[in-house]
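A.B. asks: task: produce atomic coordinates for the following.
(one chain, ligands or ions: 2)
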Amino acid sequence: TERTLILAFESSCDETSVAVIENGTKILSNIVATQIDSHQRFGGVVPEVASRYHIEQITKCTDEALEQAAVDYDDLDAVAVTYGPGLVGSLLIGVTAAKVIAWAHDLPLVPVNHMAGHIYAARYVGEFKYPQMALLVSGGHTELVYMPAEHEYQIIGETRDDAAGEAYDKIGRVLGVNYPAGKTIDEWAAKGEDSFHFPRAMEKEENYDFSFSGLKSAFINTVHNADQRGEELNKYDLAASFQQSVIDVLAEKTMRALDDYPVKQLILAGGVAANHGLRARLDHDMKKYHPDVTMLQAPLKLCGDNAAMIGAAGYVNYQHGDRAGLDLNAVPGLMF
Ligand code: KG4
Ligand code: ZN
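C.D. replies: Ligands and ions are numbered 1, 2, ... in the order given. Below is the predicted model:
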């Protein structure tokens, strides 16, 4: 039987994850050890804490991933690993583990861009068609990526300041929500109304860029001013207003990109792609404005960081002949 088995590593931020993927499309195992609890009291990821935690977890995760997949090192065809973008200390743990295994078992080492990985989370819900556009929304990135063909990535627009997820986490902190705040704000938003009408930065500008720091400031000022008046604002309405503003801009810019680029498919991926409001809005807008363009939304469970998505992207890189040597280094600011 012709099957390609890839052992994939992800450790760019605060999840240690190892997966075994068959032919780039079948998850045999996907172990994710999250360290969110260790960072919550700091209100964000502490890089030094993150690297230590990755060191503690990575061999356990590897053993578990192989065991759950019922796969031996001898069965593997390649080792794929995220080498950027992300926190340098965190990335280095995954990169080192992958190198050791590739060296010890004489396997090709396949480097993977974390953001390409996010896109490939959507590969688990359907086949990719090109040309393609991806709306990538995570804690560190917000970008529109045009893919004229497989393995070709062009960023056509991106945030000029905060990433969408970062804005969620920052306004969440003001409302006393634990890091990462996106999921809770999303739940609150469903119970409130857009009564504050926060700004929608750059919504009508003729580009594909985003900006969320003005929205964040408007939100924080509104809450602080109310505090000073001794007034308590409805947290559900605040969440709904913030979220509506984010969704309006993301949807508007994505539709603009689809108007201008000849794509067959839209991909929604990244941690913020788990947002229920955003998923519903894109469903609606795509039917209305681009009924001929198919959409793949990354499955909820694979929106956050995980190695299954790295394995799927790694498989494509492997087929395209991407190989790294044992001198592979972490690249914190890696771009497409
Ligand atoms: O992709 P990801 O797991 O990590 C990065 O590569 O950045 O994204 C994490 C981000 C966090 O900012 C988190 O608050 C946000 O995704 N997030 C959400 C939701 N679930 C997670 N944001 C909005 N709505 C959600 N349901
Ligand atoms: Zn990520």
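A.B. asks: can you pull the contacts of the closest residue to ligand 2 within the stretch 101-250 of the chain?
C.D. replies: Residue of the stretch 101-250 of the chain nearest ligand 2, by C-beta to the ion: S138 (4.5 Å). All C-beta spots, glycine's among them, are computed from the backbone N, C-alpha and C. By C-beta atoms under 8 Å, 6 or more residues apart in numbering, the contact list for S138 reads 115, 118, 163-165, 270-272.
A.B. asks: do the same with E206
C.D. replies: Counting by C-beta under 8 Å, 6+ apart, E206 touches R256.
A.B. asks: gap between it and E143?
C.D. replies: Remark: distance between E206 and E143 (C-beta to C-beta, to the nearest Å) = 17 Å.
A.B. asks: and the host helix or strand of I156, what does it pack against?
C.D. replies: For I156, the element it lies in under DSSP states H and E is strand 154-158. In terms of contacts (3 or more C-beta pairs under 8 Å, 6 or more residues apart in numbering; DSSP states H and E), strand 154-158 is packed against strand 142-147, helix 235-260.
A.B. asks: got a list of contacts for it?
C.D. replies: Contacts of strand 154-158 (C-beta under 8 Å, 6+ apart): 141-148, 207-210, 253, 257, 261, 335-336.
A.B. asks: from ligand 2, how far out is the residue lying closest to D75 once chain neighbours are set aside?
C.D. replies: In space, and not counting its chain neighbours, D75 is closest to L5: 5.5 Å by C-beta to C-beta, 6 or more residues apart in numbering. Using C-beta to the ion, to the nearest Å, L5 is found at 24 Å from ligand 2.
A.B. asks: picking that back up, of the helices and strands packed on strand 154-158, which stretch is the most buried?
C.D. replies: Highest mean neighbour count among these (mean count of other C-beta atoms under 10 Å): strand 142-147, with a mean of 24.
A.B. asks: and the residue of the stretch 151-300 of the chain found nearest ligand 2, how many neighbours does it have?
C.D. replies: The minimum distance from the stretch 151-300 of the chain to ligand 2, using C-beta to the ion, falls at G271 (5.8 Å). When counting by other C-beta atoms under 10 Å, one arrives at 25 neighbours for G271.
A.B. asks: correct me, but H114 touches P85?
C.D. replies: Yes. Taking contacts as C-beta atoms under 8 Å, H114 lies within contact range of P85: 5.8 Å.
A.B. asks: and the strand holding I156, does that touch ligand 1?
C.D. replies: No. Counting by C-beta under 6 Å from any ligand atom, no contacts exist between strand 154-158 and ligand 1, the nearest distance being 13.8 Å.
A.B. asks: got the angle for that strand vs strand 142-147?
C.D. replies: 160 degrees (axes from the mean of the first three to the mean of the last three C-alpha atoms, to 10 degrees).
A.B. asks: and strand 154-158, how far from the chain's centre?
C.D. replies: Averaging C-alpha positions (C-alpha atoms, centre = their mean, to the nearest Å) puts strand 154-158 15 Å from its chain's average.
A.B. asks: check which residues of the helix or strand following that strand are buried.
C.D. replies: The C-terminal neighbour of strand 154-158 among helices and strands, as given by DSSP H and E, is helix 164-174. Residues 164-172, 174 are the ones in helix 164-174 that count as buried (16 or more other C-beta atoms under 10 Å).
A.B. asks: repeat that for stretch 312-322.
C.D. replies: For stretch 312-322, the neighbour count (16+ other C-beta under 10 Å) marks 312-318, 322 as buried.
A.B. asks: out of those residues, which are inside helices?
C.D. replies: 312-318 (DSSP state H).
A.B. asks: before we move on, the earlier item: isn't the residue of the stretch 151-300 of the chain closest to ligand 2 right up against L302?
C.D. replies: No. Counting by C-beta under 8 Å, G271 stays clear of L302, with 10.4 Å between them.
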